[in-house]
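Undergrad: quick check, what structure comes out for this input:
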Amino acid sequence: MSAAVVPSQAPVPNRPLVRELTELLASMRFAIALLTVICIASAIGTVVKQGEPFVNYVDQFGPFWAEVFGALGLYRVYSTAWFLVILAFLVTSTSLCIARNAPKILVDWRTHKEYIREKALQAFPHKASGLLAMPLEQVREHVINLLALQGWSVKTQQREASAKGEAGFMIAARLGAINKLGYIAAHSAIVLVCLGGLFDGDLIVKTQAWLQDLKPFKGGVETAHSRLNENNPAYRAQLFVPEGQRTNTAVIALDQGMLVQPLPFDIELKKFTVDYYNTGMPKRFASDIVIHDPKLKQAKAFTVEVNHPVVYDGVTIFQSSFEDGGSVVHLRPHNLIGTRDEGEQTIEGVVGGEPRQLLGTAANGQTAANVRLEVTGLRVINVEDLSSAQRARDNAADAGGAGSGTDVRGVNLAELSKHLGSGAKPPGEKKLVNIGPSVTYKLRDAAGQAREFQNYMAPVQIDGQAMFLWGVRDSPAEGFRYLRAPADEDMSMQGWLRLRQALNDPAARAEAARRFGDGAAPADKPELREQLTVSAQRSLDLFSGSVQLKPQPGDALPAGALNGGLQALSNFIEQVVPADQREHTSSTLIRILNGAMFELWNISRERAGLEKRSPEQESARNFMTAAVLSISDSMYYPAPMLLTLDGFEQKQASVFQVTRTPGRNVVYLGCVLLIIGVFSMLYIRERRVWVWLQDDGQGGTRVSMALSSTRQTLDTDREFDRLRESVLGQDAPRADT
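TA: Modelled structure (predicted):
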């Protein structure tokens, strides 16, 4: 048994690796894949804000995903290494495509293909033939003139009889030749736009930092090796200039920190101007600047506005934003835990300036550790939407109610975001109101822990009542919680403050309890007057926090419960009153507290030389209702004093974006080429026409013609019909039908 011998296949020759890589890079599929990845990355860079502080991303995405996205470089997509590498590969791939195809395109663009054989005309979908009773020369001139008048580029080739064919004339014409150049223009545009983007991005800055061994700095302190050259060809930096000052030192933000970019001239900010609409919303930001160029003897003045930059010496100056330039604020301290204000003199602070040491006082009267005051912001105008303001929840009910979601250790028991406007505004017409200036400051203790405060200078109308707002938050990730205090008849906080300080005075509490007992009990029942006086004294002591409740075994009061405010009354009731009697006792105790607090308010007014108020007055009742709730919240205010804004001297600062972008012109050229290329390829059709003329030997001329087009459309059919009728006559049949 013999096995059949199968002839072996010829081995496939190994292609060089360089040629394989070149073929891969020059392939259209590879370029499209790279372009797709770049488009996806650009979409991510558009959705995710670029260059924000990392804490903002933690707040938005959470700690885990913030780290993951940061590792992928999604917070600086356009300057990450993988994006730049993909961009470089796209440039290389597109350049190879141009290098491979451009010579063929140019050769094809220069020729009319008049050498085509007459028999090849029969292979075109659009063809026709006929016989004209005119001499050959006359027909040739007629066809050439006809095509030339219609805008065709014409070229004629005379052929002699040979083995390849008979004698005659081949007339070749073309129209829409720019379609071929559209391919080169569109692909060149991609290369130019990518090169311009690479040149104007962070690539040059990072390359200089690597070559010069520059070290980015953090924390606002410039190091010895963190300064770029003044003649840096491309950069995009931020320049901070307060009013009345001049500087030439800009900073470039990188992943690892910042680099200093000096400018070849100084920029002085004369004045920063903000114009507002009637609603209080800003409509125009403008900076009046003066450029001091050492190469010139005289300075030049310019005005920089949003969307109206200034270009000087190759550097473009944009109005990026504005900040406080070191405004001076006058803060007046108000003691919350004493019986009077101590140290009425105003504290002067500078926004963004050096911290100032303050000496706090603890609730027990002992001196606390030193705290530092850091003034962080001043806003002269605060425009809020107050159209959806709703009545705040009752603080006392939230403080004492079971199952309440309110944290009584906080400052305010109401969701003030509903009143001040939030990201989720309810439907309805907006009512934008300027609620006046506010100051933001931090109080930092000896351990370095800080709380941030935001206090408004003027009262705000909430639910028809003027309220002072004093906000606090424990970290920047939280929203401000606001302590709201009612304004008195003089639209000041002194009425509330006098009542708060009188509550801290044992003698004033005792006098208020006595007056309440005398006024609430009948004259013929002295024993009831004594009971009411004792109850009023007890409620005031509990409310002021001067009575420290001690938990006992089996009591509902948890260990470490807070004292003072309505919560203290709730804890007291839960400790001493049976469960079935708590509701009745609670309402009775609240009525006694409100009556005693009204007497205490009149005592504070008498001490200030003001007339007494009657419970029959509606304004007095409204004030006391809000004051009791506000004082209850103030028991847990995390500072022994209030710092209110007494005055300020505003000083603005402009933040400019200064750029030197020589690649911008390259990008503009690329955009022009892209428009030309896309328009040429999509809207211009390349058409070629061949007309073969041959003498029929009887004084006539045999004519054969054909048309080719890059796209077969109805317009192509109609155009060929017009040409056929013009050359052969209306009755000439089409050879393709």
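
Undergrad: separation between the closest residue to T80 other than its chain neighbours and A446?
TA: In this structure, T80 finds its nearest non-sequential neighbour in G73, 3.4 Å apart by Cβ to Cβ, 6 or more residues apart in numbering. All C-beta atoms are positioned from the backbone trio N, CA, C, and that covers glycine. Relative to A446, G73 is positioned 40 Å away (Cβ to Cβ, to the nearest Å).

Undergrad: tell me which of the two has more neighbours.
TA: Legend: neighbour count by other Cβ atoms under 10 Å for G73 and A446, higher for G73 (16 against 10).

Undergrad: for the more buried one, report the pLDDT, please.
TA: Confidence at G73, expressed as pLDDT, is 86.

Undergrad: distance of it from L34?
TA: Between G73 and L34 the computed distance is 17 Å (Cβ to Cβ).

Undergrad: still on that earlier bit, show me the residues around the residue nearest to T80 that make contact.
TA: With contact taken as Cβ atoms under 8 Å, 6 or more residues apart in numbering, G73 is in contact with T80, A81, W82, F83.

Undergrad: repeat that for A163.
TA: Taking Cβ under 8 Å, 6+ apart, we find A163 in contact with no residue.

Undergrad: what part of the protein, helix or strand, is modelled with the least confidence?
TA: helix 395-400 (a mean of 36; mean pLDDT, DSSP states H and E).

Undergrad: low-confidence ranges in the stretch 251-400 of the chain?
TA: In the predicted model of the stretch 251-400 of the chain, residues 278-280, 341-344, 359-369, 385-400 satisfy pLDDT under 70.

Undergrad: so where do the strands sit in it?
TA: Under the criterion DSSP state E, counting those that start in this stretch, the stretch 251-400 of the chain contains strands at 258-276, 282-292, 300-305, 310-312, 315-324, 328-335, 347-350, 356-361, 367-379, 383-385.

Undergrad: in TSV: the ones you listed, plus mean neighbour count and distance to W65.
TA: Output for those, formatted as TSV (neighbours: other Cβ atoms under 10 Å; distance: least, Cβ to Cβ, whole Å):
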stretch	mean neighbour count	distance to W65
strand 258-276	18	26
strand 282-292	17	35
strand 300-305	15	38
strand 310-312	16	41
strand 315-324	18	28
strand 328-335	20	39
strand 347-350	18	39
strand 356-361	14	40
strand 367-379	17	29
strand 383-385	18	32
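
Undergrad: identify whichever of the ones you listed lies nearest to P640.
TA: With Cβ to Cβ, the closest approach to P640 among those belongs to strand 356-361: 5.0 Å.

Undergrad: the closest residue in space to S42 that isn't next to it in sequence: neighbour count?
TA: Closest residue in space to S42, ignoring its immediate chain neighbours: V77 at 7.4 Å, by Cβ to Cβ, 6+ apart. For V77, the neighbour count with other Cβ under 10 Å is 19.

Undergrad: would you confirm that V77 contacts A43?
TA: No - with contacts defined as Cβ atoms under 8 Å, V77 does not count as touching A43, sitting 9.6 Å away.

Undergrad: secondary structure class for D541?
TA: Put simply, D541 is helix when judged by DSSP: H, G, I helix; E, B strand; the rest coil.

Undergrad: ok now do it, which residues does it touch?
TA: Counting by Cβ under 8 Å, 6+ apart, D541 has contacts R509, V547.

Undergrad: all helices of the stretch 351-500 of the chain, in order?
TA: 395-400, 417-420, 494-503 (DSSP state H, counting those that start in this stretch).

Undergrad: so whichever helix or strand S587 is part of versus helix 494-503, what angle?
TA: For S587, the element it lies in under DSSP states H and E is helix 582-607. Helix 582-607 runs at 110 degrees relative to helix 494-503, counting by axes from the mean of the first three to the mean of the last three Cα atoms, to 10 degrees.

Undergrad: residues contacting G729?
TA: Residues in contact with G729 (Cβ under 8 Å, 6+ apart) are G130, L132.

Undergrad: and the pLDDT at it?
TA: As predicted, G729 sits at a pLDDT of 81.

Undergrad: then I86?
TA: Reading off the confidence values, I86 has pLDDT 88.

Undergrad: shouldn't it be within a strand?
TA: No - according to three-state DSSP, the state of I86 is helix, so it is not within a strand.

Undergrad: just to revisit the earlier point, residues of the helix holding S587 that come out buried?
TA: Residues of helix 582-607 classed as buried: 586, 589-590, 592-605 (neighbour count, 16 or more other Cβ atoms under 10 Å).

Undergrad: swap in stretch 335-353?
TA: Using 16+ other Cβ under 10 Å as the test for burial, stretch 335-353 gives N335, L336, I337, G338, D341, I347, G349, V350, V351, G352.

Undergrad: please identify which pair of those residues lies farthest apart.
TA: G338 and G352 (31.1 Å).

Undergrad: spell out, range by range, the helices that occur in the stretch 501-650 of the chain.
TA: In the stretch 501-650 of the chain, the segments counted as helices under DSSP H, counting those that start in this stretch are 506-520, 526-544, 565-576, 582-607, 618-634.

Undergrad: go through those and name the closest to K113.
TA: Here helix 618-634 is closest among those (Cβ to Cβ), at 90.1 Å.

Undergrad: show me what the closest one is packed against.
TA: Applying 3 or more Cβ pairs under 8 Å, 6 or more residues apart in numbering; DSSP states H and E, we find helix 618-634 packed against helix 395-400, strand 465-473, strand 481-486, helix 494-503, helix 565-576, helix 582-607.

Undergrad: before we move on, back to that, list just the nearest of the contacts of G73 to V691.
TA: Of all those, V691 sits closest to F83, with 54.4 Å by Cβ to Cβ.

Undergrad: number of nearby residues for R529?
TA: Applying other Cβ under 10 Å, we find 19 other residues in the vicinity of R529.

Undergrad: what's the neighbour count on the residue nearest to it when sequence neighbours are not counted?
TA: Leaving aside its sequence neighbours, R529 sits nearest to A521 (Cβ to Cβ, 6+ apart; 3.5 Å). A521 has 17 neighbours, counted by other Cβ under 10 Å.

Undergrad: sweet, I'm off.
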